[in-house]
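Novice: build me a model:
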Amino acid sequence: MSTMTFGRAITAGLRRAMDEDPKVILMGEDIGKLGGVFRITDGLQKDFGPHRVMDSPLAEAGIMGTAVGMAYRGYRPVVEIQFDGFIYPAFDQIVCQVAKLHYRTQGAVKMPITVRVPFGGGIGSPEHHSESPEAYFTHTSGLRVVSVSDPQDAYTMIQQAIASDDPVLYFEPKRRYHVKGEVDEGVDPASSDMGAARVVVRGTDVTLVTYGPLVPTARDAAVAASDDGISIEVIDLRSLAPIDFATVEASVRKTGRLVVTHEAAQSGGLGAEIAASITERCFDYLEHAPVRVTGFDIPYPYSKLEFHHLPDLDRILDGVDRALRRPNSLSGLDRPDSSQGAGQ
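Specialist: Predicted coordinates:
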């Protein structure tokens, strides 16, 4: 085991994948000599050469089109989209070509393309640099969409994504790049399922589902709620398409309550899909309607306002109060003091 930052864990995962398969190549804007805006690919061009770590033009559609051609030739391209909001010029390539070629060719052509997307807010950047576009891609059949939340998953899941014969959107919460954690570099990526959700905190009163940047905040919410006698079960989805509904369903059947939180806007977001699907699957077990705690339905705000926009500890706890029918922001009453328990 070694301690490394979230960002260095991705770098280590890329390095191992490139060591093990000479067909793995990296492409993106400034990823070679510079090592990327967030330095995730720092040192890789020096070690593997410019033929495997390639600086591309500032043209996301061209980057993705090139990746399609390389996948046709048997390579496993890993594409970096410099910022989340820059992915839209490549949207046509991803949803109209990459997602459909396997089916269009009746399985004759595979598209083992990994698209790395730094996403989400919290770093003081404006719109186009702080967006959460994951729902656009979870709506598209033929794509796998994952989001990692800690260094171990960052290390393991980038390798799993590269090894997959399906195209994978790999969303990296950029405000977590410098968070440190233990990483077992000897783990076999094939020993775990990239599509499986993980229960990160056990609980009995409320199921709190999230992914990516908000997993640490959800953990903090579970600790804070325990002071009020509330037991929150926190689930990190990890895979956004497909979603491991079995894990979420088992939790909700136990707790009877569901809260979903993500940075993306509420309308048409992952929270809506999870709430609807769990309502269909667990209606007879629910004690309250599912609650969503999300970003607002507005363009991403200026940096001085972003922490009012992003779900934080207080907003998540308020959502938990709503699910428990405790005083909350919608009821017009303040949260109760810590002497009150879950049933009050």
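Novice: tell me if I'm right that residue 262 and residue 310 touch.
Specialist: No - assessed by Cβ atoms under 8 Å, residue 262 is found out of contact with residue 310, at 9.9 Å. C-beta: built from backbone N, CA, C; applies to glycine.
Novice: now do the shared contacts for these two.
Specialist: residue 295 (Cβ atoms under 8 Å, 6 or more residues apart in numbering).
Novice: between those two, who's got more neighbours?
Specialist: Shown here are residue 262 and residue 310; by other Cβ atoms under 10 Å, residue 262 has more neighbours (29 against 24).
Novice: how much space separates the more buried one from residue 120?
Specialist: 9 Å (Cβ to Cβ, to the nearest Å).
Novice: and for residue 28?
Specialist: Look at residue 28 and residue 120: by Cβ to Cβ, they are 19 Å apart.
Novice: those two: which is more packed in?
Specialist: Between residue 28 and residue 120, residue 120 has the larger neighbour count (other Cβ under 10 Å), namely 27 against 23.
Novice: how is this structure carved up into domains?
Specialist: 2-191, 198-323 (automatic domain parsing).
Novice: next, format those domains as CSV and append distance to residue 331 and mean pLDDT.
Specialist: Listed next are those as CSV, based on distance: least, Cβ to Cβ, whole Å; pLDDT from 0 to 100:
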stretch, distance to residue 331, mean pLDDT
domain 2-191, 28, 96
domain 198-323, 8, 97
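Novice: now render the ones you listed as TSV, adding distance to residue 332.
Specialist: Shown next, in TSV, are the domains of the chain (distance: least, Cβ to Cβ, whole Å):
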stretch	distance to residue 332
domain 2-191	29
domain 198-323	12
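Novice: quick one, which of those domains gets closest to residue 330.
Specialist: Residue 330 lies closest, by Cβ to Cβ, to one member of the domains of the chain: domain 198-323, at 6.2 Å.
Novice: gap between the closest one and the chain center?
Specialist: 14 Å (Cα atoms, centre = their mean, to the nearest Å).
Novice: what's the end-to-end length of it?
Specialist: Terminal residues of domain 198-323 lie 22 Å apart, using Cα to Cα, to the nearest Å.
Novice: what does the longest helix anywhere in the chain rub up against?
Specialist: In the chain, with assignment by DSSP state H, the single longest helix is helix 6-20. Outside helix 6-20, the residues that touch it by Cβ under 8 Å, 6+ apart are 4, 24, 26, 38-44, 47-48, 52, 78, 116, 148, 150-152, 154-159, 162-163, 172-173, 176-181, 183, 185.
Novice: for the protein, what's the longest strand?
Specialist: strand 258-265 (DSSP state E).
Novice: that one pairs with which strands, and in what direction?
Specialist: strand 206-210 (parallel), strand 291-295 (parallel) (DSSP bridges).
Novice: would CSV of the ones you listed with mean neighbour count be doable?
Specialist: Shown next, in CSV, are the strands paired with strand 258-265 (neighbours: other Cβ atoms under 10 Å):
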stretch, mean neighbour count
strand 206-210, 29
strand 291-295, 23
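Novice: now these in TSV, with distance to residue 93?
Specialist: As requested, the strands paired with strand 258-265 are exported to TSV (distance: least, Cβ to Cβ, whole Å):
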stretch	distance to residue 93
strand 206-210	29
strand 291-295	26
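Novice: what ranges does this structure have for its strands?
Specialist: Under DSSP E, the chain gives strands at 2-5, 24-28, 53-55, 76-80, 114-119, 144-147, 168-173, 180-183, 198-201, 206-210, 232-236, 239-241, 258-265, 291-295.
Novice: indicate which one of those is closest to residue 251.
Specialist: Per Cβ to Cβ, nearest to residue 251 of the strands of the chain: strand 206-210, 4.3 Å.
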